[in-house]
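**Student:** requesting a structural model of the entry that follows:
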Amino acid sequence: MNCNKTIAVLIVFVLVITLGIALILLVASDDGNKVRTIIGIDLGSTNTISYMSANNNKTYCSEERLNDDYMWKWGFPSWVSFTDSERLVGLDAKNQAPVNANRTIFNINLLIGRKFDDPQLHKDIKFLPYKVVNKYGKPYINVKVKDHYKLFSPEQIIALILRHMKLVAEAHLGHRIKNAVITVPAYFNDAQRQATKVAAKIAGLNVARMINKSTAAAIGYYLKLKGNINVLVYHFGGRTFEVSVLTIKNGVIEVVSENVDTRLGGEDINDRMMDYLIHLIKEKHNKDIIDNNKALEELRNECERTKRLFSIKQKLEYFTRVKIYLDGICFSEVLTLDKFEELNDLLGKNMTTAKKVLEESVMKKSGIHENEVVSKNGDTHLGGVDINGRLMDYFIHLMKEKHNKDISNEDTVLEKLGMECERAKKRMRTFYFRKYKDDIRVKIDGIDFTEELTLAKYEELNQDLIEKTMTRVKKALEDSGMKKSDIHEIVLSGGSTEIGMVRRLLKDFFDGKVPCKGLMPDHVCAFGAAVEGENISRKEENQSQGNFHTDF
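**Tutor:** Take a look at the predicted model:
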């Protein structure tokens, strides 16, 4: 009997020791992972994006449950919402904002690290649907949670977003994450940076390093930037614009000059569209929706969708094929919409004619009203036939150049080519409407509101905002003591850099120089933060492959 008890005690003892060793190994393994894995987080006012680095591979941390295009491309919305039954974070919070506006929190970066008596703070919170109150001289959010009101600090709200990013990364890696490199705007002062660290701590993250977005963007492209170079980083985010001139020498990044506008971002572009459409709704339907939070949020979502759609459309390649048969051989050539527009600068000619009409009438554009003719001008040799003629000439030249075939005297072939050009022209017209127009559709108080928005009108509404960024680019260059020709690389970061007009103006300003390619502008800062995290890990493990000097 005593022998059996002894054996039982020994078995229990062995089990306890085994479990203890397993626990120690688990903790040790987790601590090891803590050193090896430092995630990069780009904490944005509009969206937050995270990358992790493992085995030299940078992986975008997205939610497995979502194959949503928004989440994959634009990131995790920096939104938090409270309902009667639950707390929502991210896209779920943003999607229900129209029906729960005063309990949905966004643009939280406007509040963090600020004092309540800051005059600029009160300008910023004026248009927020949720309530911001004073507590200990700092801004707090007063929101109804279930059946009572509760105060949240900005750090607590940001912590919810950071914690979600942490959990998503852990789900990808299969172990705990304790460290992160976090990006912040260049204009953040020490109080704002410290408050961000507090938010990270609440979320269970240690900030291994905090770097400016411009530095993170440059690091993201570091492997592609060889030698000693000068870099201009153009960051156009949801709420801020920053332009930085950097030098990279022997792996050391130095900020030479910066120019920041904390009141200029993609949200301002949305606001311009909003103001225009609110006016149209009032004019066409006699509906003033300025105090209708639900209608405003629905309209804002449509404006955001249209803005992103225009950005995507400008990068798509629209083309058709022109085919003709000659001597039993099929000749097939691609005609792109860009080439079609280049060949037919007839629209520009139309605008010249229209301009001359205005000059002769001694009027401004704003003085034109419906059903009123003061002067007229025209061109009787300008129309669809001219467009077809341009296309015919282009393809006749191509045939001769590429296939050594001169068809200029082949009447039968020319007739077939003319039919193909007519078909291509109609196809291009379809492409034109796809690329340059979109419909805004919103249902307000039972009324279906639909308004066509052209790319031209969209750019007209926002032209001065984009030009304002270029003024800051010029100033940053002046402050750096550099000329345009001294800039070797241009790095774009932030979703608003996807706007076609932004890229055109930058390209024109830098005499045709094209920005770096390979990373999505929304992702480049988070990617760079992950690269920096990997560098820190390697350094800690005495396997550093080069140091980056970054700003704290």
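**Student:** tell me what the residue nearest to Tyr149 when sequence neighbours are not counted is bridged to.
**Tutor:** Ranked by C-beta to C-beta, 6 or more residues apart in numbering and with sequence neighbours excluded, the top spatial neighbour of Tyr149 is Asn142, at 5.8 Å. Bear in mind the C-beta positions are built from the backbone N, C-alpha and C, glycine included. For Asn142, the beta-bridge partners are Lys131, Leu151 (DSSP bridges).
**Student:** what residues are up against Asn142?
**Tutor:** Asn142 makes contact with 130-133, 149-151 under the criterion C-beta atoms under 8 Å, 6 or more residues apart in numbering.
**Student:** buried subset of the residues you listed as a PyMOL selection?
**Tutor:** The buried subset of the contacts of Asn142, as determined by 16 or more other C-beta atoms under 10 Å, is captured in PyMOL by this line:
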select buried, resi 130+132
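**Student:** pipe the contacts of Asn142 into a markdown table and attach pLDDT per row.
**Tutor:** Shown next, in a markdown table, are those (pLDDT from 0 to 100):
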| residue | pLDDT |
| --- | --- |
| Tyr130 | 93 |
| Lys131 | 94 |
| Val132 | 96 |
| Val133 | 96 |
| Tyr149 | 92 |
| Lys150 | 94 |
| Leu151 | 96 |
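**Student:** and which of the contacts of Asn142 is nearest to Lys426?
**Tutor:** Tyr130 (51.0 Å; C-beta to C-beta).
**Student:** for the closest one, what are its contacts?
**Tutor:** 101-105, 141-143.
**Student:** try it again with 6 Å
**Tutor:** Contacts for Tyr130 (C-beta atoms under 6 Å, 6 or more residues apart in numbering) come out as 102, 105, 141.
**Student:** kindly provide the distance from it to Arg321.
**Tutor:** Per C-beta to C-beta, to the nearest Å, Tyr130 is found 54 Å from Arg321.
**Student:** and what of Thr336?
**Tutor:** 11 Å.
**Student:** those two: which has the busier surroundings?
**Tutor:** Taking neighbours as other C-beta atoms under 10 Å, Thr336 and Arg321 compare with Thr336 leading, 14 against 11.
**Student:** same question for the residue nearest to Lys400 when sequence neighbours are not counted, what's its three-state structure.
**Tutor:** Nearest non-adjacent residue to Lys400, counting by C-beta to C-beta, 6+ apart: Asp406, 5.2 Å away. Put simply, Asp406 is coil when judged by DSSP: H, G, I helix; E, B strand; the rest coil.
**Student:** my guess is Asp406 contacts Met399. True?
**Tutor:** No - using C-beta atoms under 6 Å, Asp406 is not in contact with Met399, being 7.5 Å away.
**Student:** would you map the helices across the stretch 401-550 of the chain?
**Tutor:** For the stretch 401-550 of the chain, applying DSSP state H, counting those that start in this stretch gives helices covering 411-436, 455-480, 500-509, 524-540.
**Student:** what separates the third one from the chain centre, distance-wise?
**Tutor:** Here helix 500-509 shows a centroid-to-chain-centroid distance of 16 Å under the convention C-alpha atoms, centre = their mean, to the nearest Å.
**Student:** now swap in the second one and tell me
**Tutor:** A distance of 17 Å separates the centroid of the chain from that of helix 455-480, by C-alpha atoms, centre = their mean.
**Student:** which neighbouring elements make contact with it?
**Tutor:** Counting contacts by 3 or more C-beta pairs under 6 Å, 6 or more residues apart in numbering; DSSP states H and E, helix 455-480 packs against strand 241-249, strand 252-261, helix 266-285, helix 500-509.
**Student:** tabulate these (TSV), appending mean pLDDT, distance to Met520 and mean neighbour count.
**Tutor:** Below are the helices and strands packed on helix 455-480 laid out as TSV (pLDDT from 0 to 100; distance: least, C-beta to C-beta, whole Å; neighbours: other C-beta atoms under 10 Å):
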stretch	mean pLDDT	distance to Met520	mean neighbour count
strand 241-249	92	18	23
strand 252-261	91	21	17
helix 266-285	90	15	17
helix 500-509	91	14	17
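**Student:** select, out of those, the one closest to Leu461.
**Tutor:** Of all these, helix 266-285 comes closest under C-beta to C-beta, at 4.5 Å.
**Student:** and the average pLDDT for the helix or strand following the closest one is what?
**Tutor:** Following helix 266-285 in sequence order, the next helix or strand is helix 293-315 (DSSP states H and E). The average pLDDT within helix 293-315 is 81.
**Student:** tell me the centre residue of this structure?
**Tutor:** Gly495 (1.3 Å; C-alpha atoms, centre = their mean).
**Student:** and stretch 288-297, how far out from the chain's middle?
**Tutor:** Stretch 288-297 sits 25 Å away from the centroid of its parent chain (C-alpha atoms, centre = their mean).
**Student:** send me it as PDB with only the CA atoms.
**Tutor:** C-alpha atoms of stretch 288-297 as PDB (Å, rounded to 0.1, in the frame of the first residue of the first chain):
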ATOM      1  CA  ASP A 288     -31.200  71.400 -45.900                       C
ATOM      2  CA  ILE A 289     -29.200  68.500 -44.400                       C
ATOM      3  CA  ILE A 290     -26.600  70.400 -42.500                       C
ATOM      4  CA  ASP A 291     -28.000  69.300 -39.100                       C
ATOM      5  CA  ASN A 292     -29.000  65.700 -40.300                       C
ATOM      6  CA  ASN A 293     -26.100  63.600 -39.000                       C
ATOM      7  CA  LYS A 294     -27.300  60.400 -40.600                       C
ATOM      8  CA  ALA A 295     -27.700  62.100 -44.000                       C
ATOM      9  CA  LEU A 296     -24.300  63.800 -43.700                       C
ATOM     10  CA  GLU A 297     -22.500  60.500 -42.900                       C
END
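**Student:** please begin residue numbering at 34 from this point
**Tutor:** Will do, 34 is the new start, and the previous item becomes stretch 321-330.
**Student:** buried set for that stretch?
**Tutor:** Neighbour-count burial for stretch 321-330 [16+ other C-beta under 10 Å]: 322, 325-326, 328-330.
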